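Engineer: Fold the stuff below for me.
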Amino acid sequence: MSEKYKEYCMKFSNEEIRAYMVDYLISNSMNNKLIKYLSEDGDEIQFNTSEKIGTIVFDGDDENLFINFYGIHTSIFVDDTEIMFIDENSKGTYTSSDVYNNVVYEGNLRDMSHEEMLKMFSDIILCFYDAEDWMFQRMHIKNITIMNLIDLLLR
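Structural biologist: A predicted model of the protein is given here:
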């Protein structure tokens, strides 16, 4: 276990989310006019707010592609499919019903910086941005790396 994080490893600040995710996505051709920011309570907030960002929606009012920041885990939603990234220190608190029918990444996130995690999430989101069709296949792969995960998503 890394000593890098005293608490959950996915407690991102608004500044980190803006710098390492939103700016990165916009620089990779995402339309910033379709991006909506929601508070932890689900209320729409402004980009430069001091209120904690809980969700970012990437397809405007459609809300079929978004990311939720829970601290204990982060989830990317694509239509009705949830892709979960769970902090290793909290995996014992999840039951099979919590993760049922979801895509769950079980790699080591605690060795990654916030910048690396947010850019990884961004790369995954870009796989689905403007996609006309997609499909998940159920697989269990041991020791998958981040690059292997992104490669599988791009197939």
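
Engineer: Give me the phi and psi for residue 110.
Structural biologist: phi -70, psi -20 (degrees, to the nearest 10).

Engineer: should've said residue 54
Structural biologist: phi -100, psi -30.

Engineer: After the helix or strand where residue 68 lies, which helix or strand is next?
Structural biologist: Applying DSSP states H and E as the criterion places residue 68 in strand 65-69. Counting by DSSP H and E, the next helix or strand C-terminal to strand 65-69 is strand 73-78.

Engineer: For that next one, which strands pair with it and how are they oriented?
Structural biologist: Strand 73-78 has the following strand partners under DSSP bridges: strand 65-69 (antiparallel), strand 81-86 (antiparallel).

Engineer: Contacts made by that strand with the rest, please.
Structural biologist: For strand 73-78, the external contacting residues (Cβ atoms under 8 Å, 6 or more residues apart in numbering) are 10, 64-68, 82-87, 90, 102, 117, 121, 124-125, 128, 134. All C-beta atoms are positioned from the backbone trio N, CA, C, and that covers glycine.

Engineer: Out of the residues you listed, which end up buried?
Structural biologist: For the contacts of strand 73-78, a burial check counting by 16 or more other Cβ atoms under 10 Å picks out 10, 65-68, 83-87, 117, 121, 124-125, 128.
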